[in-house]
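A.B. asks: From the sequence below, what's the structure:
(2 chains)
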Amino acid sequence: MADLSAWIEATWISKALFGISWLWPASESLHFIGLCMLIGGAGLLDLRLMGMFRGLAIRHVKTMMPWAIGGFVLNAVTGTLFLVMQPHLYLSSGIFWSKIAFLVLAGANALFFETRLAVPALAMSPDADTPAAMKVVGALSLLSWFAVLYCGRMLPYLGTGN
Amino acid sequence: MAFFHRLQDSAFTEWFLGSPSIWAYPTVLTLHTVGMAILVGASFVINLRVLQGSGVMPLQRLRPLYRFIWFGFTINLLSGLVLFVTEAADRVVDPVFYVKMGSIAVALWLALVLKRRTIDRADGPQVATVLSRSLAALSLSLWTIAIVAGRLMAYVK
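C.D. replies: Now for the predicted structure:
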């Protein structure tokens, strides 16, 4: 990983991006705004899947998903910028790979919902309680997104790579 | 001013910023980010729904989101106080700090105004008025300013 980091840092794109002094702090701000969009939009759906917010139909809560996906894309882009600018901080860091693992878990969980549970979920009445499988998916999603946040915010303190 | 210097130079500050323990500064900072995600996340959803005007989600059913707003705000008020104390003398002369505090104060006030105007109307119309939509847009901008100001404070010492 150290070799990979050194290779990325030697590329002209890494040097050019890191040379733009405002790009890092600007990306940090966007990364924070994106996480609020993601946790706000996806979090409401997760809580509804867990059985809270009766009176809101799941198909209606999903109207917030474009914002959640927008937040995710914003953070994927800014996160990639951090990675390209300073790969050594991340690629050799255990906590960074934990963050990636929770991202994969959140993604797999969302994919499971979309392929196995979305059809019955979207047909449910606004006041209906959710079956156990949806409650588990909602809780797992909420847990994994906050774990992603935790790993990201704690990364400088739990250990960057060298 | 002497008071803020006493806070910033206190034994607590020395321990809090100097401790190698992840339970000191890193955990309080992370709590501040978790609180932000809950507070601003919930507020974003309300504002975006109001901005939809005649959206499909019944506005009144978003009322429980206010519990999350106050929960997130409480986390951030407490963690923010600790963070402030340890940088008190730097922050009281930092204009960016006042921009952040002002934005948050107005955004929270707007959250209450929008609650009264839309969400508390149990049998009210599901279409947010132009004024409500403008206030929601303003609220979104203020949260964005508060976040950017908060991030920039890390660069102003």
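
A.B. asks: For chain A, what's the nearest residue on chain B?
C.D. replies: Taking CB to the nearest CB as the measure, the point where chain B comes nearest chain A is residue B:41, at 3.1 Å. From N, CA and C alone the C-beta is placed, and that goes for glycine too.

A.B. asks: Where does that residue fall, secondary structure wise?
C.D. replies: Counting by DSSP states H and E, the element that carries residue B:41 is helix B:25-51.

A.B. asks: Now do that helix, average pLDDT.
C.D. replies: Mean per-residue pLDDT for helix B:25-51: 97.

A.B. asks: just stretch A:54-66 next, same as before
C.D. replies: For stretch A:54-66, mean pLDDT is 95.

A.B. asks: Contacts (any at all) between chain B and it?
C.D. replies: Yes - applying CB under 8 Å from any CB of the partner chain, one finds that stretch A:54-66 is in contact with chain B at A:55-57, A:60-61, A:63-64.

A.B. asks: can I get those in CSV with secondary structure, distance to residue B:135 and neighbour count?
C.D. replies: Converted to CSV, the residues of stretch A:54-66 next to chain B look like this (DSSP: H, G, I helix; E, B strand; the rest coil; distance: CB to CB, whole Å; neighbours: other CB atoms under 10 Å in any protein chain shown):
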residue, secondary structure, distance to residue B:135, neighbour count
A:55, coil, 24, 15
A:56, coil, 22, 21
A:57, coil, 26, 22
A:60, helix, 22, 18
A:61, helix, 23, 23
A:63, helix, 20, 15
A:64, helix, 19, 23
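
A.B. asks: Which residue of chain B lies farthest from its centroid?
C.D. replies: In chain B, residue B:123 marks the outermost C-alpha relative to the chain mean, sitting 29.8 Å out by CA atoms, centre = their mean.

A.B. asks: picking up where we left off before, could you dump the residues of stretch A:54-66 next to chain B into CSV and include distance to residue A:38?
C.D. replies: Formatted as CSV, those follow (distance: CB to CB, whole Å):
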residue, distance to residue A:38
A:55, 24
A:56, 19
A:57, 22
A:60, 19
A:61, 15
A:63, 16
A:64, 11
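
A.B. asks: List the residues that contact the residue of chain B closest to chain A.
C.D. replies: A:36-41, A:43, B:68, B:72 (CB atoms under 8 Å, 6 or more residues apart in numbering or on different chains).

A.B. asks: so what's the backbone phi/psi at the residue most central in space within chain B?
C.D. replies: The centre of chain B sits closest to residue B:104, judged by CA atoms, centre = their mean, with a distance of 5.2 Å. For residue B:104, the backbone dihedrals are phi -70, psi -40 (criterion: degrees, to the nearest 10).
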